[in-house]
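**Student:** Sequence below, structure please.
(one chain, ligands or ions: 2)
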Amino acid sequence: MSTVILGIESSCDDTSAAVLRDEYLLSNVMASQEVHRRYGGVIPELASRAHQQNILPVVSEALRQAGVGMDEVDAVAFTRGPGLLGSLLVGTSFTKGLAVATGKPIIEVNHLQGHILSHFVKVEGRENRCPEFPFLCLLVSGGHTQIVRVDDPLHFEILGHTIDDAVGEAFDKCAKLMGLGYPGGPVVDRLAKEGDEKRFRFAKPNIPDLNYSFSGIKTSLLYFLRDRIAEDPGFLEKNKADLCASFQKDLIDILLKKLILAARQTGIRQVAIAGGVSANSGLRSRIEEEGRKRGWTTFLPEFRFTTDNAAMIAITGYYKYQAGQFASLDIAPLSRAAEYGDQ
Ligand code: KG4
Ligand code: ZN
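**Tutor:** Numbers count the residues shown, from 1 in each chain. Ligands and ions are numbered 1, 2, ... in the order given. Below is the predicted model of the structure:
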């Protein structure tokens, strides 16, 4: 007997719903919120209002594309957190309402666990390579930067994390300093391809253990730009691509240094990346290059599974369904990762 899971994601500014039959993806529908672009960042109140408007059409469309009715769904998995509280509340309340109306069980999902398990979503007719356990996952998003040891789908250990900004935040803040718009990560990625990554160097952090820091590089870029623009007002415009290539390389160097250390310390050679920044082409090719040198087997997510999506919530829900881990109807969202204890 197969298991059908409906997944719902609403932690930040994307409303998404997906349907899986066992590990196989039947649909993955997404409504992104353009409204935040003009403010240069996500405005929580606008995000939650847009989720309210989007959630019903997105869920209906996901069921329609999957060709399943609510009566065939075995459980509804939803993102409990971390994320923006107002956004999480929309997905959580909608899921609870659906459960009351249909009698279906509900499953809470940690968004970060979802990003990692996106590697296990299978697509009919594809090769569907998955990491073997235990594996290391470099989780890089707009809100988090972690090195995670994954022992099985439901058991994780965070080996290292950022002590200040997330790497996606560093991409976005550096892009903002250069007037590149929001979110800056994809723009930096594009410009970096045309630039010389050896041209400029910025301050590198010196943080112990497997932890990260990304706030210094932004400050370093800020003062560097201030001084150079004072000498030549056209500096930024003339050097955009080289600047992007250079600080992108610095960010990737910082990420790789600790990931290599983690692989050495644990002896684990199955290495994956996940989260929004795992779409970065520079990071993707560096992971593959380092992997070849060091005998790692590397796993890069498909682009559509790098950013926030409900397929990753549904696959996590699927594993929790197998383990009988259901939530009660009085469940509330958790906005901070720390509220999950060791996750
Ligand atoms: O995982 P995600 O969609 O949302 C969070 O859970 O935070 O990640 C969003 C982050 C943003 O900071 C965005 O700039 C970054 O991922 N990002 C990228 C690229 N695509 C998205 N950063 C660098 N290069 C990219 N190609
Ligand atoms: Zn995310």
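**Student:** how about the worst-scoring helix or strand of the chain on mean pLDDT, does it reach ligand 1?
**Tutor:** Across the helices and strands of the chain, mean pLDDT, DSSP states H and E gives its lowest value to helix 44-66, namely a mean of 90. No: contact of helix 44-66 with ligand 1 (Cβ under 6 Å from any ligand atom) is absent, the minimum separation being 11.9 Å. Any C-beta I mention is one placed from the backbone N, CA and C, and that applies to glycine too.
**Student:** Can you show me the CA trace of that helix as CSV?
**Tutor:** Coordinates of each C-alpha in helix 44-66 appear next as CSV, following Å, rounded to 0.1, in the frame of the first residue of the first chain:
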residue,chain,number,x,y,z
PRO,A,44,6.7,40.0,7.5
GLU,A,45,3.2,41.5,7.6
LEU,A,46,2.9,41.5,3.7
ALA,A,47,4.3,38.0,3.6
SER,A,48,1.6,36.6,5.9
ARG,A,49,-1.1,38.4,4.0
ALA,A,50,0.1,37.0,0.7
HIS,A,51,0.2,33.5,2.2
GLN,A,52,-3.4,33.9,3.2
GLN,A,53,-4.4,34.8,-0.3
ASN,A,54,-2.2,32.1,-2.0
ILE,A,55,-2.6,29.1,0.3
LEU,A,56,-6.0,27.7,-0.9
PRO,A,57,-5.3,28.1,-4.6
VAL,A,58,-1.8,26.6,-4.2
VAL,A,59,-3.0,23.5,-2.3
SER,A,60,-5.9,23.0,-4.7
GLU,A,61,-3.6,23.2,-7.7
ALA,A,62,-1.1,20.8,-6.1
LEU,A,63,-3.9,18.2,-5.6
ARG,A,64,-5.2,18.8,-9.1
GLN,A,65,-1.8,18.4,-10.8
ALA,A,66,-1.1,15.2,-8.7
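**Student:** and the next helix or strand after that helix, what does it pack onto?
**Tutor:** Going down the chain from helix 44-66, the next helix or strand is strand 75-81, by DSSP states H and E. Secondary-structure packing of strand 75-81 (3 or more Cβ pairs under 8 Å, 6 or more residues apart in numbering; DSSP states H and E): strand 4-9, helix 85-102, strand 106-110, helix 111-117, helix 311-322.
**Student:** which residues are in contact with the least confident helix or strand of the chain?
**Tutor:** The contact list for helix 44-66, computed with Cβ atoms under 8 Å, 6 or more residues apart in numbering, reads 6, 8, 10, 12-13, 15-19, 21, 26-31, 33, 35-36, 39, 69-70, 73, 84-87, 89-91, 94, 98, 310.
**Student:** tilt between it and strand 4-9?
**Tutor:** Angle of helix 44-66 versus strand 4-9, following axes from the mean of the first three to the mean of the last three Cα atoms, to 10 degrees, is 160 degrees.
**Student:** Any buried residues in helix 44-66, and which?
**Tutor:** By neighbour count with 16 or more other Cβ atoms under 10 Å, helix 44-66 contains the buried residues 44, 47-52, 54-55, 58-59, 62-63, 66.
**Student:** what's the angle from it to strand 75-81?
**Tutor:** Using the same axes, to 10 degrees: helix 44-66 against strand 75-81 is 160 degrees.
**Student:** can you tell me how far the residue nearest the centre of the chain sits from L88?
**Tutor:** The residue lying closest to the centre of the chain (Cα atoms, centre = their mean) is G275, at 2.4 Å. Using Cβ to Cβ, to the nearest Å, G275 is found at 18 Å from L88.
**Student:** For ligand 2, see how far away S11 is.
**Tutor:** According to Cβ to the ion, to the nearest Å, S11 stands 7 Å off from ligand 2.
**Student:** K257: how many residues sit nearby?
**Tutor:** 14 (other Cβ atoms under 10 Å).
**Student:** tell me which element it is part of?
**Tutor:** Going by DSSP H and E, K257 is in helix 235-266.
**Student:** quick one: buried residues of that helix?
**Tutor:** In helix 235-266, counting by 16+ other Cβ under 10 Å, buried: 235, 239-252, 254-256, 258-259, 262-263, 266.
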